[in-house]
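>>> when you get a sec, could you give me coordinates for this:
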Amino acid sequence: MRRATILLSTPSDAKFLTLYNIVVGKQSLKDQVPVKDASLSLIFGSNYINDVRSWYSTYSKSLPPAEASEGAKILERNLKRLQLTKYTREELTTFGLLEQGPGKVEDRAKDFLSRAAKSRLEELRVALGQEGAVGKFKEEVIREGKLANWPEQKVSAFLKESLA
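Numbering: from 1, shown residues only. I've put the predicted structure just below:
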């Protein structure tokens, strides 16, 4: 009973308890909607991963050490699974999920995007020249970033990396 009092002491605790239960599979979304990164980002905000980790580190202090440790492992395992829901089955196959395991998907995706960006920039340089290529490339990246729901910081970082 003591834990319930701690958990629900503020409305934000109830929110994060719900988020934690959804992430670890103890609770489902309304109408049995599949739990995906995009769904949780829409409901709880794009920073939900850091928020739930922060909340759990505070909450776990009220738990016995063994239970807190086990809960942290379960949370991290399920957050990694959620990260994979950002990709389609085709992308997971392309990025080598079957070959190298789920831990390498993000790195492989970045590598793939980097190579694709360099190829596209070279195509544009041949067609439009240096000045026209950079402008057109920026337009394309900004448009694709909006379609992929990238924050502006990620778009600008990608542009900086690609144009370096």
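
>>> ok, residue 144 - how many residues close by?
13 (other C-beta atoms under 10 Å). Where you see a C-beta, it was placed from the backbone N, CA and C, and this is true even at glycine.

>>> over to residue 82?
Residue 82, neighbours per other C-beta under 10 Å, totals 20.

>>> return the residues in contact with it.
Listed by C-beta atoms under 8 Å, 6 or more residues apart in numbering, the contact set of residue 82 reads 23, 35, 36, 37, 40, 49.

>>> so the first one sits right up against residue 78, yeah?
Yes: taking C-beta atoms under 8 Å as the contact criterion, residue 23 and residue 78 are neighbours in contact, 5.0 Å apart.

>>> using PDB, list the CA coordinates for stretch 119-132.
Extracted C-alpha coordinates of stretch 119-132, given in PDB (Å, rounded to 0.1, in the frame of the first residue of the first chain):
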ATOM      1  CA  SER A 119      25.100   9.600 -53.400                       C
ATOM      2  CA  ARG A 120      22.200  12.000 -53.800                       C
ATOM      3  CA  LEU A 121      24.400  15.000 -53.300                       C
ATOM      4  CA  GLU A 122      26.800  13.700 -56.000                       C
ATOM      5  CA  GLU A 123      23.900  13.200 -58.400                       C
ATOM      6  CA  LEU A 124      22.700  16.700 -57.800                       C
ATOM      7  CA  ARG A 125      26.300  18.100 -58.300                       C
ATOM      8  CA  VAL A 126      26.500  16.500 -61.700                       C
ATOM      9  CA  ALA A 127      23.100  17.800 -62.700                       C
ATOM     10  CA  LEU A 128      23.000  21.200 -61.100                       C
ATOM     11  CA  GLY A 129      26.600  22.200 -60.200                       C
ATOM     12  CA  GLN A 130      27.900  22.800 -56.700                       C
ATOM     13  CA  GLU A 131      25.700  25.800 -55.700                       C
ATOM     14  CA  GLY A 132      22.500  24.400 -57.100                       C
END
